[in-house]
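Student: coords please:
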Amino acid sequence: MSGTGTAERTSDEGHELRRSLGFRDLVVYGLLFIAPMAPVGVFGTLDARSHGAVALVYVVATVAMAFTAFSYAQMVRVVPQAGSVFAYARVGLGERAGFVAGWMAMLDYLLIPAVAYLFSGIAMNALVPDVSRWVWTALAVVITTLLNLWGVRVAARVGFLVLAMEIVVLLVFVAAAVVVLARDGAERGWLSPLSGDGTQGSFEVAAVIGAVSIAVLSYLGFDAIVSFAEEVTGGSQKVARAVLLCLALAGVLFIAQTYLVALLEPVSSARLAAEPERQGAAFYDAVDASVGTWLHDLVAVSKAIGAAFAALAGQAAAGRLLFAMGRARGLPRVLSRTDSGVPRVALLCAGVVTLVAAVWAARRDDGLDHLASVVNVGALTAFTLLHASVVGWFVVRRGGRGGSEGSVSWWRHGVVPVVGAAITVAVIVEAAGVAQVVGAVWLGVGIAVLVLRSRRPYPSRP
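Tutor: Below you'll find the predicted structure:
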């Protein structure tokens, strides 16, 4: 262990990343990947499942994901490296557990961008139907991949402009909603987004928890921030603060917009539950009915552009994960090569995989269903191993001793990660059956690769 207190050195000659990101850049990447208006697509589903208490769902989901964010903040101080949970599990649980964590995270880091690119292609096809959605999807992949290859700093600057546009659109929606509510009043009770609209009977905790299992998926992406730990100026403390701030900002944005649109929603949660075909467009329908088509179109354009740049952030994080696993020789070493501090080989590989997956899905009517059903299990499994890594490093490996990372706290390094792991396991249990099957198959393939790798010794950590 080095004298700086981190568990590993951050790089070796010829395999270094360039430090050029500041605190704002980290927050931009996190919010881009999450997307400020992520609840738009799932509002109707959550409203129906929670019996109208959709804002409460996001309050609970934000608290639930805070446990994972807190565990990330603990481990990034110990291992300020690219690779995220792969690097953390290597230190906290051992080499093999680290490989499994990285392998499971890879499933989502490669497919989440593909889903975002497909969202962008679908939105642009709706605006310009003469151009096939797979063409728009492929164009989005090419443009954002070129930005990533140009360098993390350039991509962050362009991403900041896109994020600013999304925030402006969201603020326009909030202002328009407030004006309509002040002028015409609410369609539902003012407290109904927190207590339910009463059309499906009395308030049920089980209904809210069931909706939370879907809502937490809106937050996937804030963890991408820690993948840039080796490219940040100012140390790992800055990364930890960015993770926590990004989750807090996303929570506020999600709660505010779902509260307002629930008040504008003329369709009851009972009717949405009885007519599931209404759920996907529920947010847009509420905006159309209360404010006007102009805001509907503005939100649609924002979602099209925002989805592409959410994929940019996800692809950048995927490239860093492949880079870290290549450097540790969990994957081919060529993935860890850099050019002027940019992991272009890893980024190109990530770009090719997402291009193939996104275009394949864009050319099928059921492509989105297939992709969306499997993108979350890998990340949630990796989150579970993250929480285990906190306990493994601070409590087991350090044996409760103090050190340069600070003294061991039983609530920070014991209670919080245990509760966080319980939450992520519960969400996995609630996931769709096909997602569980795909996750299990992917895990099986990873274990087979691990067995083959075990025939040769692990390299020492750099």
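
Student: just checking, next helix/strand downstream of the strand or helix carrying V208?
Tutor: Under the criterion of DSSP states H and E, V208 resides in helix 205-215. Downstream of helix 205-215, the first helix or strand assigned by DSSP H and E is helix 236-264.

Student: average model confidence for that following helix?
Tutor: Averaged over helix 236-264, pLDDT sits at 90.

Student: contacting residues around the next helix or strand after that helix?
Tutor: The helix or strand immediately downstream of helix 236-264 is helix 269-274, counting by DSSP H and E. With C-beta atoms under 8 Å, 6 or more residues apart in numbering as the test, helix 269-274 has contacts from 44, 47-52, 196-197, 199-200, 278-279, 282. Heads up, the C-betas are built off the backbone N, CA and C, glycines and all.

Student: What residues of helix 269-274 count as buried?
Tutor: 269-270, 272-273 (16 or more other C-beta atoms under 10 Å).

Student: Now the element after that helix, going C-ward?
Tutor: helix 282-290.

Student: which outside residues touch that following helix?
Tutor: 39-41, 43-44, 47, 173, 177, 180, 184, 187, 261, 264-267, 272, 278, 295-296, 299-300.

Student: Among the residues you listed, the buried ones, what's the ChimeraX command?
Tutor: Buried members of the contacts of helix 282-290, defined by 16+ other C-beta under 10 Å, are picked up in ChimeraX with:
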select :39,40,41,43,44,47,173,177,180,187,261,264,265,267,272,295,296,299,300
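
Student: Put the alpha carbons of stretch 106-113 into CSV.
Tutor: This file holds the C-alpha atoms of stretch 106-113, laid out as CSV (Å, rounded to 0.1, in the frame of the first residue of the first chain):
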residue,chain,number,x,y,z
MET,A,106,-19.9,-4.5,-17.9
LEU,A,107,-23.3,-6.0,-19.0
ASP,A,108,-25.0,-2.7,-18.1
TYR,A,109,-22.2,-0.3,-19.0
LEU,A,110,-22.3,-1.6,-22.5
LEU,A,111,-26.1,-2.0,-22.8
ILE,A,112,-27.4,1.1,-21.0
PRO,A,113,-25.9,3.4,-23.7
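
Student: contacts for it?
Tutor: In contact with stretch 106-113 (C-beta under 8 Å, 6+ apart) are residues 33, 220-221, 224, 310-312, 314-315, 317-318, 321-322, 325, 350, 353-354, 357-358, 371, 374-379, 382, 439, 442.

Student: let's see it at 7 Å
Tutor: Contacts to stretch 106-113, defined as C-beta atoms under 7 Å, 6 or more residues apart in numbering, come from residues 220, 311, 314-315, 317-318, 321, 350, 353-354, 357, 371, 374-376, 378-379, 442.

Student: for stretch 173-186, same thing?
Tutor: Counting by C-beta under 7 Å, 6+ apart, 256-257, 260, 263-264, 290-291, 295, 299 sit against stretch 173-186.

Student: average pLDDT for it?
Tutor: Stretch 173-186 comes out at a mean pLDDT of 91.

Student: do the same with stretch 299-312
Tutor: On average, stretch 299-312 scores 79.

Student: The lengthiest helix in the chain to helix 282-290, inter-axis angle?
Tutor: Using DSSP state H to define each element, the chain has its longest helix at helix 293-327. Relative orientation of helix 293-327 and helix 282-290, computed by axes from the mean of the first three to the mean of the last three C-alpha atoms, to 10 degrees: 160 degrees.

Student: now the buried residues of helix 269-274 as TSV including pLDDT and distance to L247?
Tutor: Listed next are the buried residues of helix 269-274 as TSV, based on pLDDT from 0 to 100; distance: C-beta to C-beta, whole Å:
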residue	pLDDT	distance to L247
S269	88	27
A270	88	32
L272	87	28
A273	86	29
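
Student: still on that earlier bit, need the contacts of helix 269-274 in a markdown table (columns: distance to A73, secondary structure and pLDDT).
Tutor: As requested, the contacts of helix 269-274 are exported to a markdown table (distance: C-beta to C-beta, whole Å; DSSP: H, G, I helix; E, B strand; the rest coil; pLDDT from 0 to 100):
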| residue | distance to A73 | secondary structure | pLDDT |
| --- | --- | --- | --- |
| G44 | 34 | helix | 86 |
| D47 | 32 | helix | 90 |
| A48 | 34 | helix | 89 |
| R49 | 31 | helix | 87 |
| S50 | 29 | coil | 90 |
| H51 | 34 | coil | 90 |
| G52 | 34 | coil | 89 |
| G196 | 34 | coil | 85 |
| D197 | 37 | coil | 85 |
| T199 | 41 | strand | 83 |
| Q200 | 38 | coil | 80 |
| R278 | 40 | helix | 77 |
| Q279 | 35 | coil | 77 |
| A282 | 35 | helix | 83 |
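
Student: Spatially, which two of those are the most separated?
Tutor: The most widely separated members of these, counting by C-beta to C-beta, are G196 and R278 (18.3 Å).

Student: which residues of the stretch 301-450 of the chain fall in helices?
Tutor: Applying DSSP state H, counting those that start in this stretch to the stretch 301-450 of the chain gives helices spanning 344-362, 367-372, 377-390, 410, 416-430, 433-453.

Student: Deepest in the core, which of those helices is it.
Tutor: helix 377-390 (a mean of 26; mean count of other C-beta atoms under 10 Å).

Student: And that helix, how far out from the chain middle?
Tutor: Its chain's C-alpha centre and that of helix 377-390 lie 13 Å apart, by C-alpha atoms, centre = their mean, to the nearest Å.

Student: now for it, which elements pack on it?
Tutor: helix 54-78, helix 85-92, helix 95-127, helix 416-430, helix 433-453 (3 or more C-beta pairs under 7 Å, 6 or more residues apart in numbering; DSSP states H and E).

Student: related to what we said a few turns ago, for S213, state which of the contacts of stretch 173-186 is nearest.
Tutor: Closest to S213, out of all of the contacts of stretch 173-186 and judged by C-beta to C-beta, is Q257, at 20.2 Å.
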